[in-house]
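Undergrad: the following comprises the amino acid sequence and a computationally predicted model.
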Number of protein chains: 2
Amino acid sequence: MNLTYETFLQEFEQWVGDEWQCLFDMYHQKLNLKNRNIATKKFKTIIEGVFKLSHQKGFQAMTMRDLSQETEISMGGLYNYFSNKDQIAEMIHAGMVHMAEACLKIKEYRHKDPVFELNELLARHIFLSERLKKWFYFVFMECRSLERELIADIIASEQFMETAILERILDANAQNLSQCHNPDFVAAMLKVMLQEWYLKSWKYIEKDINADQYVANLLLSVYHLTQVK
Amino acid sequence: MNLTYETFLQEFEQWVGDEWQCLFDMYHQKLNLKNRNIATKKFKTIIEGVFKLSHQKGFQAMTMRDLSQETEISMGGLYNYFSNKDQIAEMIHAGMVHMAEACLKIKEYRHKDPVFELNELLARHIFLSERLKKWFYFVFMECRSLERELIADIIASEQFMETAILERILDANAQNLSQCHNPDFVAAMLKVMLQEWYLKSWKYIEKDINADQYVANLLLSVYHLTQVK
DNA sequence: AAAAAACGAGCAAATGTTCGTTTTATTTGA
DNA sequence: TCAAATAAAACGAACATTTGCTCGTTTTTT
């Protein structure tokens, strides 16, 4: 495993591109937006404002007047870029899913070595959530503002991740590469360690620990928890 | 370590007692409540209603009319048991802090064996958060509805926990009982594993894993992550 | 009969959203 | 090349709801 955040970023750029362009592509038709240049800038301003305010007091507590003040866009102006408040949360969710899929699609092959695969899986997830930190945080914290269908979406994709981790541990055990006695539990804990990275990112900024260092520590933990030989 | 949840519960009963009585003791004066019997029942109904509704859609999104309907208490009736909406969140926070302190005060001594101490610390935290699951969940998820001072409170107590864990790991290393190469990281991860228990409790109910089993797995992880000898 | 608790219609303030108007950007035509 | 004309985007006061909360009254308890 020697994928670094830097090389990951290049991949991301290539496969996903820019988050605001992405939003434009997904919603310009529905919203009757013509000018790509203007619209992407506005999306950036607005969504970053939403991230800021909802981080401070939560999405529900953020009022459209707050957002208008924060972004310096009038109430009427704002409503050109979404059809109602709840749709903002929906757009952020859909955008994140879209980008995550575009980014992980590359790696659908299965490598021979389950230990390698597990490391790769974990590292990629950390790097993706580093790149889309605020998106991940928002979706986790504000998912109750979403429709039921979308919540099911989130739970399913979390479950998918946990299962993917578990399978690699079981494979490694089967191939006698590791000796993990509580694979279910370890898989669950590894998933939580992934979440920690974007939920408490301020802690790691304070401690001066970057994504690469976090991954290194994480993989060391995997090594111990699964008793890799 | 052979503290079980059952024996912990007895301790809790003895030192803390009942959460609704606790709320009555803390607030009956300020709220001019005379009848203990009636008031504790109402507190139970109301706070459990708050837990249910804010779990569904968040505290901010819960309206007093929702709460009135859920608890089958009129708007005016509700306001006998708190002075305004924000105070509900405050009461839950203060109540939890009060109970946690009452419960942990017992164990302020320092044992000789840091490994034993660490195990005890973790187990007690899991058991406490099991007993007060909904309180912990609420405080974590809704802390943005609290005043700044109280938020600082929460962060401080989290930091305190992490430091306590870290100290035991360092002690164990120093006494050559363990060989942990990344104690800071491991301490942070152990704290997240504690949070997992109350944040995703539904997962473990589904998987039929109780607090005792979770603790067993957690301590096994400590053993591996710190390379106890 | 006096005190405590519960009621719920009603008030003022806040909030999401709209829409007629103004400003800015783009296209057209001479 | 540069106005005139058209389209797109931004504005923000105004509207209908919603929301937190009160208070005069009624019901229940002591």
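TA: Received it, and whenever you're ready, just let me know what you need. Numbers count the residues shown, from 1 in each chain, chains lettered A, B, ... in the order given.

Undergrad: contacts and neighbour counts: CA atoms only from here.
TA: Will do.

Undergrad: which helix or strand contains the residue lying farthest from the centre of chain A?
TA: Among the residues of chain A, the one whose C-alpha is farthest from the average of all C-alpha positions is residue A:176, by CA atoms, centre = their mean at 32.7 Å. Element membership of residue A:176 [criterion: DSSP states H and E] is none; it lies in no helix or strand.

Undergrad: can the lengthiest helix in chain A be found next to chain B?
TA: Counting residues, the longest helix in chain A under DSSP state H turns out to be helix A:148-174. No - using CA under 8 Å from any CA of the partner chain, helix A:148-174 never reaches chain B; the gap is at least 10.4 Å.

Undergrad: mind giving me the packing neighbours of that helix?
TA: Taking 3 or more CA pairs under 8 Å, 6 or more residues apart in numbering or on different chains; DSSP states H and E as the contact definition, the neighbouring helices and strands of helix A:148-174 are helix A:114-131, helix A:183-199.

Undergrad: okay if I get those helices as CSV plus mean neighbour count, mean pLDDT and distance to chain B?
TA: Converted to CSV, the helices and strands packed on helix A:148-174 look like this (neighbours: other CA atoms under 10 Å in any protein chain shown; pLDDT from 0 to 100; distance: least, CA to the nearest CA, whole Å):
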stretch, mean neighbour count, mean pLDDT, distance to chain B
helix A:114-131, 21, 96, 15
helix A:183-199, 20, 98, 7
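
Undergrad: wait, which of those is closest to residue B:73?
TA: The minimum distance between residue B:73 and those falls on helix A:183-199, with 37.1 Å, by CA to CA.

Undergrad: show me what secondary structure element comes after that closest one.
TA: Sequence-wise, the next helix or strand downstream of helix A:183-199 (DSSP H and E) is helix A:201-206.

Undergrad: so for that following helix, what gets flagged as buried?
TA: Applying a neighbour-count criterion of 16 or more other CA atoms under 10 Å in any protein chain shown, the buried positions in helix A:201-206 are residue A:201.

Undergrad: can you tell if that helix touches chain B?
TA: No - with CA under 8 Å from any CA as the measure, helix A:201-206 is seen stopping short of chain B, the closest distance being 9.8 Å.

Undergrad: residues making contact with that helix?
TA: Contacts of helix A:201-206 from elsewhere in the structure, counted by CA atoms under 8 Å, 6 or more residues apart in numbering or on different chains, are A:197, A:210.

Undergrad: could you point out which element follows that helix?
TA: Read in the C-terminal direction, the helix or strand following helix A:201-206 is helix A:211-225, with elements assigned using DSSP H and E.

Undergrad: picking that back up, now tabulate the helices and strands packed on helix A:148-174 in CSV and tack on distance to DNA strand C.
TA: Conversion of those to CSV gives the following (distance: least, CA to the nearest atom of the strand, whole Å):
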stretch, distance to DNA strand C
helix A:114-131, 28
helix A:183-199, 24
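
Undergrad: what about the longest helix of chain A, average pLDDT?
TA: The pLDDT scores in helix A:148-174 average 94.

Undergrad: check stretch A:87-106 too.
TA: According to the model, stretch A:87-106 has a mean pLDDT of 91.

Undergrad: now do the buried residues in it.
TA: Applying a neighbour-count criterion of 16+ other CA under 10 Å, one finds A:88-100, A:103-104 buried in stretch A:87-106.

Undergrad: still on that earlier bit, among the helices and strands packed on helix A:148-174, which comes closest to residue B:34?
TA: Counting by CA to CA, and looking across all of the helices and strands packed on helix A:148-174, nearest comes helix A:183-199 at 43.8 Å.

Undergrad: what helices or strands is the closest one leaning on?
TA: If you count contacts as 3+ CA pairs under 8 Å, 6+ apart, helix A:183-199 packs onto helix A:114-131, helix A:133-142, helix A:148-174, helix A:211-225, helix B:183-199.

Undergrad: just checking the distance from the helix or strand residue A:87 falls within to the centre of its chain.
TA: With secondary structure defined by DSSP H and E, residue A:87 is part of helix A:85-104. Helix A:85-104 has its average C-alpha position 9 Å from the chain's average C-alpha position, going by CA atoms, centre = their mean, to the nearest Å.

Undergrad: now look at it and say if it contacts DNA strand C.
TA: Yes - in this structure, helix A:85-104 sits against DNA strand C according to CA under 7 Å from any atom of the strand; the contacting residues are A:85, A:86.

Undergrad: related to what we said a few turns ago, nearest to residue B:171, of the helices and strands packed on helix A:148-174?
TA: Taking CA to CA, helix A:183-199 is the member of the helices and strands packed on helix A:148-174 nearest to residue B:171, at 24.2 Å.

Undergrad: now that closest one and helix A:211-225, what's the angle there?
TA: Computed with axes from the mean of the first three to the mean of the last three CA atoms, to 10 degrees, the direction of helix A:183-199 lies at 160 degrees from that of helix A:211-225.

Undergrad: hmm, back to that, and the helices and strands packed on helix A:183-199 as JSON lines, adding distance to residue A:37?
TA: Compiled in JSON lines, the helices and strands packed on helix A:183-199 are given as follows (distance: least, CA to CA, whole Å):
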{"stretch": "helix A:114-131", "distance to residue A:37": "22"}
{"stretch": "helix A:133-142", "distance to residue A:37": "22"}
{"stretch": "helix A:148-174", "distance to residue A:37": "30"}
{"stretch": "helix A:211-225", "distance to residue A:37": "32"}
{"stretch": "helix B:183-199", "distance to residue A:37": "42"}
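
Undergrad: quick one: mean pLDDT over stretch A:50-64.
TA: 97.

Undergrad: is that stretch anywhere near DNA strand C?
TA: Yes - applying CA under 7 Å from any atom of the strand, one finds that stretch A:50-64 is in contact with DNA strand C at A:60, A:61, A:62, A:63, A:64.

Undergrad: and the residue of chain A nearest DNA strand D?
TA: Sorted by distance to DNA strand D under CA to the nearest atom of the strand, the residues of chain A start with residue A:76, at 2.6 Å.

Undergrad: could I get the CA-only coordinates of the host helix or strand of residue A:56 as CSV?
TA: In this structure, residue A:56 is located in helix A:36-57 according to DSSP H and E. Taking Å, rounded to 0.1, in the frame of the first residue of the first chain, the C-alpha atoms of helix A:36-57 are listed here in CSV:
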residue,chain,number,x,y,z
ARG,A,36,-22.4,27.7,-16.4
ASN,A,37,-19.8,30.1,-15.1
ILE,A,38,-22.1,32.2,-13.0
ALA,A,39,-24.0,29.2,-11.7
THR,A,40,-21.0,27.2,-10.5
LYS,A,41,-19.7,30.2,-8.6
LYS,A,42,-23.1,30.7,-7.0
PHE,A,43,-23.4,27.0,-6.1
LYS,A,44,-20.0,27.2,-4.4
THR,A,45,-21.0,30.3,-2.5
ILE,A,46,-24.3,28.9,-1.5
ILE,A,47,-23.3,25.4,-0.5
GLU,A,48,-20.3,26.5,1.4
GLY,A,49,-22.6,29.0,3.2
VAL,A,50,-24.9,26.1,4.0
PHE,A,51,-22.0,24.0,5.3
LYS,A,52,-20.8,26.9,7.5
LEU,A,53,-24.2,27.7,9.0
SER,A,54,-25.4,24.2,9.4
HIS,A,55,-22.1,23.3,11.1
GLN,A,56,-22.7,26.1,13.5
LYS,A,57,-26.3,25.5,14.4
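
Undergrad: nice, that's everything, thank you.
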